[in-house]
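A.B. asks: Build me a model:
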Amino acid sequence: MIKLENLTKVFESQGQATTAADNISMEVPEGEICVLLGPSGCGKTTTLKMINRIIPVTSGRVLINGEDTTGLDTITLRRNIGYVIQQIGLFPNMTIEENISIVPKLLGWNKKRYLARAEELLDMVALEPKAYMKRYPKELSGGQQQRVGVIRALAADPPLMLMDEPFGAIDPINREIIQDEFLRMQQTLKKTILFVSHDIDEAVKMADKIAIFNSGKLIQFDTPDNILAHPKNKFVEDFVGTDRTLKRLRLVKVRDVMVKSPPRVRMDDDLKVALKLMVERDHSAITLVNKKNHPIGSVYRSIAQTKQGLCGDHHYGLRTIVNINDDLRTVASKMFSHDTTWMPCVDDQGVFCGEITQRGVTHHLAATYNDNDGALAELYQEGV
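C.D. replies: Alright, predicted model coming up:
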């Protein structure tokens, strides 16, 4: 979708030349979010603004869908690129409806079409159209204004979006909510997005790719997981932080780590059945499920070895469960708060799908740092 080829910006001031962006080359595939990350003055915002020519290019090219944008009219170029800034930039003398509809109107959309688009977008960010269309920006909270700023950039359905620290000025609670809403929209819209941030946690959460800048140069361009696991140099290592392994917990879903189709028992199974399964798998406990295959408890090996009867008469309640779509950060939090090293995994219907263990999480994370990561993953899935 977008390709930067040796993009360079040199600022001249009083006879002094300063290179703000130095031969930046990278390619972002269609439908992906790329976060430009780095300290203040590193060149990330300059690079972003050269794409829509807010800052003129000194040398190099920007290609969108294979087309060199150098020869395009600046106004036409910008109308096909959504742009979101930290300061939001809503026009205070215009209603929310009018703010959202600016670019569609310039493109010649009829009133019925651009009003329908404004309503659709407000619905996407949980702002009731009837309640907000006729309001002015000053009548909205900061978080609500930021949502409008984001959807205004989407109004004309641009293939490419540029976002310059769009959530930086919002309080942490609203920032998390808006980030989640934006990611939910992105699953449907599949826009190609370049996103400037200075926050490594935000980048890990939002990005398909991360581009780390320093002193005008692109230092490392890779997936969040690879950057966290394999920082290219000391600068990147220091920038992502000493807790980079913990940051990786956000990137991995339960479904990718859990042991699938683990043994289970039912209420009317004999304890001998439970004991046999636990001995075969070297488990200290086994999950008890009901007729709907929902986990409802666990039977411990120590009980099965010393008691007789049915599993339904000798089980204990579960400390906690986890959804297969949760990330490993949720797993770690639940394990610590409930003092457990394993838990059953369920789907959205509550059906028992697998089990996740502390050892499994550790092996998965450690595998990335080892040459034999495939072997470790295979051993874990076999229960070794």
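A.B. asks: tell me which helix or strand of this protein sits lowest on mean pLDDT?
C.D. replies: helix 373-381 (a mean of 45; mean pLDDT, DSSP states H and E).
A.B. asks: can you list the weak-confidence ranges in the stretch 151-300 of the chain?
C.D. replies: 169 (pLDDT under 70).
A.B. asks: Tell me where it has strands.
C.D. replies: 160-164, 192-197, 209-214, 217-222, 259-260, 264-266, 285-289, 295-300 (DSSP state E, counting those that start in this stretch).
A.B. asks: State the number of residues packed around the nearest residue to Gly89 once chain neighbours are set aside.
C.D. replies: Counting by Cβ to Cβ, 6 or more residues apart in numbering, Gly89 lies nearest to Gly149, which is 6.5 Å off, once chain neighbours are set aside. Just so you know, the C-beta spots here come from the backbone N, C-alpha and C atoms, and that holds for glycine as well. Burial of Gly149 is recorded as 23 neighbouring residues (other Cβ atoms under 10 Å).
A.B. asks: same deal with the one 4 residues further on?
C.D. replies: Here the number of neighbours of Ala153 (other Cβ under 10 Å) works out to 24.
A.B. asks: I'd guessed it sits against Ile85; true?
C.D. replies: No - Ala153 lies out of contact with Ile85 (Cβ atoms under 8 Å); the separation is 9.4 Å.
A.B. asks: Can you check the pLDDT for Gln86?
C.D. replies: Per-residue confidence (pLDDT) for Gln86: 69.
A.B. asks: ditto for the one 5 residues further on
C.D. replies: The predicted local confidence for Phe91 comes out at a pLDDT of 90.
A.B. asks: Make sure it is actually in contact with Ser101.
C.D. replies: No - contact criterion Cβ under 8 Å: Phe91 and Ser101 do not qualify, at 11.2 Å.
A.B. asks: Name the nearest residue to the residue of the chain most remote from its centre, sequence neighbours excluded.
C.D. replies: Within the chain, Gln308 marks the point farthest from the mean C-alpha position, 49.4 Å out by Cα atoms, centre = their mean. Excluding its sequence neighbours, the residue lying closest to Gln308 (Cβ to Cβ, 6+ apart) is Leu271, at 6.4 Å.
A.B. asks: for Asn80, same thing?
C.D. replies: Closest to Asn80 by Cβ to Cβ, 6+ apart is Pro158, at 5.5 Å.
A.B. asks: Just give me the neighbour total for the one you found.
C.D. replies: 18.
A.B. asks: For Val273, which non-adjacent residue is spatially closest?
C.D. replies: Val265 (6.1 Å).
A.B. asks: Ile151 now?
C.D. replies: Leu121 (3.9 Å).
A.B. asks: okay, that neighbour: pLDDT?
C.D. replies: Reading off the model, Leu121 has pLDDT 90.
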